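>>> 3D model of this:
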Amino acid sequence: MRSDKITKGIERVPARALLFATGLNREDLGKPFIGIASSFTDLIPGHVHMRSLERAIEKGVHAGGGISFIFGVPGICDGIAMGHAGMHYSLPSRDLIADIIECVVSAHCLDGLVMLTNCDKITPGMLMGAARLDIPGIVVTAGPMVSGRSGKQKLSLVKDTFEAVGRRRKGEISDEELSCLEMEACPGPGSCQGLYTANTMACVSEALGMSLPRCAASLAVSSEKERIAYKSGQQIVEIVRKGITARKIMTQKAFENAIVVDMALGGSTNSCLHIPAIAKEAGVEVDLKLCDAISARTPHITSMQPGGEYLLEDLYYAGGIPAVMKRLHDDLHDCATVSGLSTKEIAKAAEIHDEDVIRTKERAYHAEGGIAVLYGSLSPDGAVVKQSAVSEKMMQFKGTAKVFDSEEAAMEAIMNTRIDKGAVVVIRYEGPRGGPGMREMLSPTAALIGMGLGESVVLITDGRFSGGTQGPCIGHVSPEAMVGGPIALVQDGDEIIVDITKRRLDLNVTEEVLAKRKERWTPPKPKIRQGLLARYAKCVTSADKGAVLMAE
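Here you go, the predicted model:
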């Protein structure tokens, strides 16, 4: 075992002495050492209940014959960080978490790893760390939040807070109604209720084979979540003994399965950043073209918020990810999973309890999957849109550019009603380098929807969007403005043509005019010139590469 390096041999007397100081007995030294990487924090609703899940995992590890060691990784709540400078830190925290996993596991020679996680960048960061080390690992996502309530009406974070800001500005609701919504929308622990990025990555983890069946959708407040945590603790000891490492689960075919499920669900566009980043650490090639090709042949069989009707609690009661996999049985590879069951064994055993929440492929909500990748003169290396959350009317659009060099400038214009119908709002210098950190832009997108402009305005950015975004919002435009991509050359009044059906995003300006603009263009000074973000900006790759950090 890996832990033999610190437990065996005369030269390890000091290490053993320190381990004994933690309360271990001598006989414990022959058992698998299991790390429990926990992102517990009082700051995030999705994580505040993790202490009980830590205990459940710990009990499972001990029941399986292992020794558990809990250590922490940081967590950032994107909803709280949204719309101000704090969002710069969200995406960089993903790679920081992977580094922390590498540091702790390698320094202490742990044999296996249970990753207790829930929110947006934390889940992919942990998976990146496990893949990098190729250590046996199991992901336990801490579960979605139940819906809020106002009378008989279900409430959710994005629809009833972010979008409500625009509705209040438009005068559709009162201050008293807004105050009620902010109090009732999030009633307790768990990741935000819709198929936003946190829940998307939970579903991806399960479809990838790195979580036990039903883990992704089982509710934060449920006893089933406690049982899954306990079983995950038991199972990690088993796969350590069998030598089943992360890369034996996270294969090329497993990543393709994860993308199929993601596209069928209509998940967050952020998966197009995170899945390639995890795959890179696993030594597997996944790019935007693969994501788009799988989406084009995968029907969209659920209608999940933000673009649809249902919440994660509805998916849970309908049968969860195993039930989705049952619908997609013929489209999935038969891969190994951490549960010991294969993908198709899990799918075959699943039950579907709601024929509308999880439709057949013949009755799919859309013929294609949730995400489309657009190429063209404005995005030579690609741009990403959640097409399942775009109305038929807005799948093709021609409009006039209204250009902003920051999210704040765009938000100020939106809230002061300076955006007219027919506009293409362009927000640039918010990419991985330009941001730095590629901020999510749920505030401006939700404000546009709340103000009734979702059917007449397009938003384009080299930054990214929350999984809670709906409507014609195109992100990840690559190359980004900071490195001189075409989005840096757009001017107010330029015509921009969007054709999602043909996967096109074009700037209707002649090459000669663009060449002259390029000659005059110089990159702006970095917005942040010290600390983590300054280092990040120097090392991060473009969005179409997953915004991963360069090794050199």
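
>>> can you pull the contacts of residue 118?
Taking Cβ atoms under 8 Å, 6 or more residues apart in numbering, we find residue 118 in contact with 39, 44, 46-47, 50, 141-143, 190-191, 198, 202, 220. C-beta coordinates here come from the backbone N, C-alpha and C atoms, glycine included.

>>> what are the phi and psi values for it?
Per-residue torsions, residue 118: phi -160, psi -40 (degrees, to the nearest 10).

>>> And the pLDDT at it?
What the model reports for residue 118 is a pLDDT of 97.

>>> any idea how far residue 262 is from it?
To residue 262, residue 118 is 17 Å away according to Cβ to Cβ, to the nearest Å.

>>> Over to residue 497?
28 Å.

>>> from memory residue 316 sits against residue 217, does it?
Yes: under the criterion of Cβ atoms under 8 Å, residue 316 makes contact with residue 217 at 3.9 Å.

>>> between the two, who's got more neighbours?
Ranked by neighbour count (other Cβ atoms under 10 Å), residue 316 and residue 217 place residue 217 first, with 27 against 23.

>>> Correct me if wrong: residue 285 contacts residue 275.
No: counting by Cβ under 8 Å, residue 285 does not reach residue 275; the two are 11.5 Å apart.

>>> And these two? Which one has more around it.
residue 275 (27 against 11).

>>> was I right about that one contacting residue 257?
No: in this structure, residue 275 is not within contact of residue 257 by Cβ under 8 Å, at 11.1 Å.

>>> I'd like to know which elements the longest strand seen in the chain is packed against.
As assigned by DSSP state E, the longest strand anywhere in the chain is strand 396-404. If you count contacts as 3 or more Cβ pairs under 8 Å, 6 or more residues apart in numbering; DSSP states H and E, strand 396-404 packs onto helix 407-415, strand 423-427, strand 495-499.

>>> got the angle between that strand and strand 423-427?
For strand 396-404 against strand 423-427, the angle by axes from the mean of the first three to the mean of the last three Cα atoms, to 10 degrees is 50 degrees.

>>> measure the residue nearest in space to the middle of the chain to residue 440 for me?
Geometric centre of the chain, nearest residue: residue 197, 3.7 Å, by Cα atoms, centre = their mean. Per Cβ to Cβ, residue 197 is found 8 Å from residue 440.

>>> any common contacting residues for residue 316 and residue 217?
Residues touching both residue 316 and residue 217 (Cβ under 8 Å, 6+ apart) are residue 144.

>>> show me where pLDDT drops low in the stretch 1-150 of the chain?
Along the stretch 1-150 of the chain, the model assigns pLDDT under 70 to no residue.

>>> And the strands in it?
Counting by DSSP state E, counting those that start in this stretch, the segments of the stretch 1-150 of the chain that form strands are 33-38, 67-72, 112-117, 137-141, 148-150.

>>> Can you add mean neighbour count and give those back as JSON lines?
Below are those laid out as JSON lines (neighbours: other Cβ atoms under 10 Å):
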{"stretch": "strand 33-38", "mean neighbour count": "26"}
{"stretch": "strand 67-72", "mean neighbour count": "18"}
{"stretch": "strand 112-117", "mean neighbour count": "29"}
{"stretch": "strand 137-141", "mean neighbour count": "31"}
{"stretch": "strand 148-150", "mean neighbour count": "16"}
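
>>> closest one to residue 296 among the ones you listed?
Checking the strands of the stretch 1-150 of the chain against residue 296 by Cβ to Cβ gives strand 137-141 as the closest, at 28.2 Å.

>>> now that closest one and strand 112-117, what's the angle there?
Going by the same axes, to 10 degrees, strand 137-141 makes 20 degrees with strand 112-117.

>>> In the sheet, which strands lie alongside strand 137-141, parallel or antiparallel?
Sheet pairing for strand 137-141, assigned by DSSP bridges, gives strand 112-117 (parallel).

>>> what's the offset of the strand it pairs with from the middle of its chain?
Between the centre of strand 112-117 and the centre of its chain there are 17 Å (Cα atoms, centre = their mean, to the nearest Å).

>>> re earlier: need the winner for burial among the helices and strands packed on strand 396-404.
Scoring the helices and strands packed on strand 396-404 by mean neighbour count under mean count of other Cβ atoms under 10 Å gives strand 423-427 as the most buried, with a mean of 25.

>>> angle of whatever helix or strand comes next after that one against helix 407-415?
Next along the chain after strand 423-427, taking DSSP states H and E as the criterion, comes helix 442-450. Angle of helix 442-450 versus helix 407-415, following the same axes, to 10 degrees, is 20 degrees.

>>> Assign residue 421 to helix, strand or coil.
Classification of residue 421 using DSSP: H, G, I helix; E, B strand; the rest coil returns coil.

>>> shaky segments in the stretch 451-552 of the chain?
552.

>>> Pull the contacting residues for residue 54.
Going by Cβ under 8 Å, 6+ apart, the list of residues near residue 54 reads 36, 38, 40, 70, 116.

>>> and stretch 348-359, how far apart are its ends?
End-to-end distance for stretch 348-359, by Cα to Cα, to the nearest Å: 16 Å.

>>> Show residues contacting it.
Applying Cβ under 8 Å, 6+ apart, the set of residues contacting stretch 348-359 is 213, 301-303, 310, 314-315, 317-320, 322-327, 329, 341, 365.

>>> rerun at 6 Å
301, 310, 314, 318-319, 322-324, 326-327 (Cβ atoms under 6 Å, 6 or more residues apart in numbering).

>>> go on, stretch 496-516?
372, 374, 376-379, 383, 387, 395-399, 401, 424, 458, 486, 489, 494-495.

>>> distance between the ends of that stretch?
Rule used - Cα to Cα; the end-to-end distance of stretch 496-516 is 19 Å.

>>> What of stretch 464-478?
So stretch 464-478: terminal residues 11 Å apart, Cα to Cα.

>>> swap in stretch 407-424?
End residues of stretch 407-424 are separated by 14 Å (Cα to Cα).

>>> Other residues contacting that stretch?
In contact with stretch 407-424 (Cβ under 6 Å, 6+ apart) are residues 399, 401-402, 404, 425, 427, 430, 441, 443-444, 447, 456-458, 496.

>>> so for that stretch, what's the average pLDDT?
Stretch 407-424 shows a mean pLDDT of 94.

>>> Show me how far it is from its chain's centre.
Distance, centroid of stretch 407-424 to centroid of chain: 27 Å (Cα atoms, centre = their mean).

>>> same question, stretch 213-228
Per Cα atoms, centre = their mean, the centroid offset for stretch 213-228 relative to its chain is 19 Å.

>>> which parts of stretch 390-403 are buried?
With burial defined by 16 or more other Cβ atoms under 10 Å, the residues of stretch 390-403 counted as buried are 390, 394-395, 397, 399, 401-403.

>>> ok, and what's touching that stretch?
422-426, 455, 458, 472, 490, 492-494, 496-501.

>>> same thing but 7 Å
419, 422-426, 455, 458, 471-472, 490-501 (Cβ atoms under 7 Å, 6 or more residues apart in numbering).

>>> With stretch 291-300 instead?
Counting by Cβ under 7 Å, 6+ apart, residues outside stretch 291-300 touching it are 256, 259-260, 263-264, 266, 272, 331, 361, 364-373, 388.

>>> from those, which ones fall inside strands?
Among these, the ones falling in strands (DSSP E) are 371-373.

>>> top of those by neighbour count?
residue 371 (28 neighbours).

>>> hey, where'd the helices end up in the stretch 101-250 of the chain?
Here the stretch 101-250 of the chain has its helices, by DSSP state H, counting those that start in this stretch, at 122-133, 157, 163-170, 175-184, 197-208, 223-242, 246-249.

>>> What is the last one packed up against?
With contacts taken as 3 or more Cβ pairs under 7 Å, 6 or more residues apart in numbering; DSSP states H and E, helix 246-249 sits against helix 122-133.

>>> quick check, distance from the helix it packs on to the centre of its chain.
In terms of Cα atoms, centre = their mean, the centre of helix 122-133 is set 13 Å apart from its chain centre.

>>> can you redo the buried residues of stretch 390-403 as TSV with pLDDT and distance to residue 517?
As requested, the buried residues of stretch 390-403 are exported to TSV (pLDDT from 0 to 100; distance: Cβ to Cβ, whole Å):
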residue	pLDDT	distance to residue 517
390	94	29
394	96	28
395	97	29
397	97	23
399	97	20
401	98	13
402	97	17
403	98	12
